[in-house]
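Q: next comes the sequence, and after it the predicted model I'd like to discuss.
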Amino acid sequence: MNTIQINTGSREEMVDITDSVRRMIKENDWQSGALLLYCPHTTGAITVNEGADPDVVRDITVNMRKLVPHHGDYKHLEGNSDAHIKTSMFGPDQMLIVENSEVMLGTWQRIFFCEFDGPRNRKLWAQFMPS
């Protein structure tokens, strides 16, 4: 198992980790198989979405704030219930195809770590399963 370290700078943000994932694949000489990325944090998630136009990330972040506002009818004492809900909506993992040492993504797709309760130092676990 490998680990990707991520330092976030704001309460909510989507950090493009695609290059880190590609570098990890190359450094480990992973050829073909499946790569599981897993977030062990209850207020962070992983998603794949468009990375060519930064307005997409902005739109996702802004509208998630509207769908699940920071202050609402929550009872959780830590004050981050919205972050837990957003994490559940996105999910803690992504399974990605690796072929010839390349992560298989669509033309505009990128891999994002989603921070919902930052800023924090985070980690992702990566497990490669060769085919």
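A: It's in. Residues are numbered from 1 along each chain as shown.
Q: ok, the strand ranked longest in the chain: who's next to it in the sheet?
A: The residue-count maximum for a strand in the chain (DSSP state E) belongs to strand 121-130. Strand 121-130 sits in its sheet next to strand 2-7 (antiparallel), strand 33-38 (antiparallel), going by DSSP bridges.
Q: can I get the last one in PDB, CA atoms only?
A: Coordinates of the C-alpha atoms in strand 33-38 are reproduced here as PDB (Å, rounded to 0.1, in the frame of the first residue of the first chain):
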ATOM      1  CA  GLY A  33      -4.500  -3.500 -13.300                       C
ATOM      2  CA  ALA A  34      -6.800  -1.600 -10.900                       C
ATOM      3  CA  LEU A  35      -5.800   1.200  -8.500                       C
ATOM      4  CA  LEU A  36      -8.000   1.800  -5.500                       C
ATOM      5  CA  LEU A  37      -7.700   5.200  -3.900                       C
ATOM      6  CA  TYR A  38      -9.200   5.400  -0.500                       C
END
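Q: immediately after that strand, which helix or strand?
A: Using DSSP states H and E, the helix or strand that follows strand 33-38 towards the C-terminus is strand 44-50.
Q: just the angle for that next one relative to strand 121-130, thanks.
A: With axes from the mean of the first three to the mean of the last three Cα atoms, to 10 degrees defining the directions, strand 44-50 sits at 60 degrees from strand 121-130.
Q: quick one: contacts for Glu99?
A: The contact partners of Glu99, by Cβ atoms under 8 Å, 6 or more residues apart in numbering, come to Ser32. Bear in mind the C-beta positions are built from the backbone N, C-alpha and C, glycine included.
Q: and His70, that's in a helix?
A: No. Assigned with DSSP: H, G, I helix; E, B strand; the rest coil, His70 falls outside any helix and is coil.
Q: okay, it and Pro92: tell me how far apart.
A: Separation of His70 from Pro92 (Cβ to Cβ, to the nearest Å): 21 Å.
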